[in-house]
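In: got a structure for you, letters missing:
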């Protein structure tokens, strides 16, 4: 029943109005981006179950491992293409070796879960309002910065479920549901499977949530990551800032550069 409850919260799906969005951005996201040049990807939290008619659901471990690897690879490629340097750090391994670090990562996850409740209490928002948030995870993100040296971290939570053959045959009311948000109303639609992805980019110095997104599909697919990451903001990251050049007023090099020549 717990998994059914989670799936019924797939409150993010295809909007009937193209002017609405599931994206959330900090009100100062463009300025924060200028302080960020590196990112570390926290191992994604992936939950996928086979929903049985008798309620004895089965954890689909192989599917979980596959989806985790695929969405991590997609995220790494996209972040690099956006101009960020992805730090390869063995988060999982370090959590096993360092209990304090493991606790810090757990705190980050819990803080993000709490932040999501605040961010998505209203469902979709207009494009004009998506950059009006001031959400912060607080100092819990500092431990990630200290251990990995990354200016930011990417968090992902994938939830999915597939109906068993018996569940499909019975077609009971507790089947996997996908909620389609239309004009403020969530309309349940039956499917044989479904999945959601929550994703967030957080700066590690102060814990400010730069950007987050929430996507869903009526199938268990890593394509969710690609859909979500397509909506990363078009900003200038720290390592993309223009290097000193000729003085814009007279075409001469800045004095500090002249002294080196």
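Out: Good, I have the coordinates. Please read these numbers as outputs of a predicted model, since none were measured by experiment.

In: surely residue 213 is in a helix?
Out: No. Judged by DSSP: H, G, I helix; E, B strand; the rest coil, residue 213 forms no part of a helix; its state is strand.

In: against residue 75, how distant is it?
Out: Applying C-beta to C-beta, to the nearest Å, the value for residue 213 to residue 75 is 12 Å. Using the backbone N, CA and C atoms, a C-beta is placed for each residue, glycine as well.

In: anything in contact with each of the two?
Out: By C-beta atoms under 8 Å, 6 or more residues apart in numbering, residue 213 and residue 75 have these common neighbours: 199, 229.

In: ok, now which ones touch residue 39?
Out: Contacts of residue 39 (C-beta under 8 Å, 6+ apart): 79, 84-87, 150-154, 201.

In: any idea which helix or strand comes after the host helix or strand of it?
Out: Secondary structure assignment for residue 39, by DSSP states H and E: strand 38-41. Counting by DSSP H and E, the next helix or strand C-terminal to strand 38-41 is strand 45-51.

In: show me what whichever helix or strand comes after that following strand pairs with in its sheet, parallel or antiparallel.
Out: Moving toward the C-terminus from strand 45-51, the next helix or strand (DSSP H and E) is strand 58-59. Next to strand 58-59 in the sheet, as set by DSSP bridges, lie strand 45-51 (antiparallel).

In: give the rounded mean pLDDT of the strand it pairs with.
Out: For strand 45-51, mean pLDDT is 90.

In: so how far is that strand from its chain's centroid?
Out: 17 Å (C-alpha atoms, centre = their mean, to the nearest Å).

In: save the contacts of residue 39 as TSV, and put in pLDDT and distance to residue 70 too.
Out: Below are those laid out as TSV (pLDDT from 0 to 100; distance: C-beta to C-beta, whole Å):
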residue	pLDDT	distance to residue 70
79	97	15
84	95	20
85	95	22
86	97	16
87	96	20
150	96	22
151	96	25
152	97	22
153	97	19
154	98	15
201	97	19
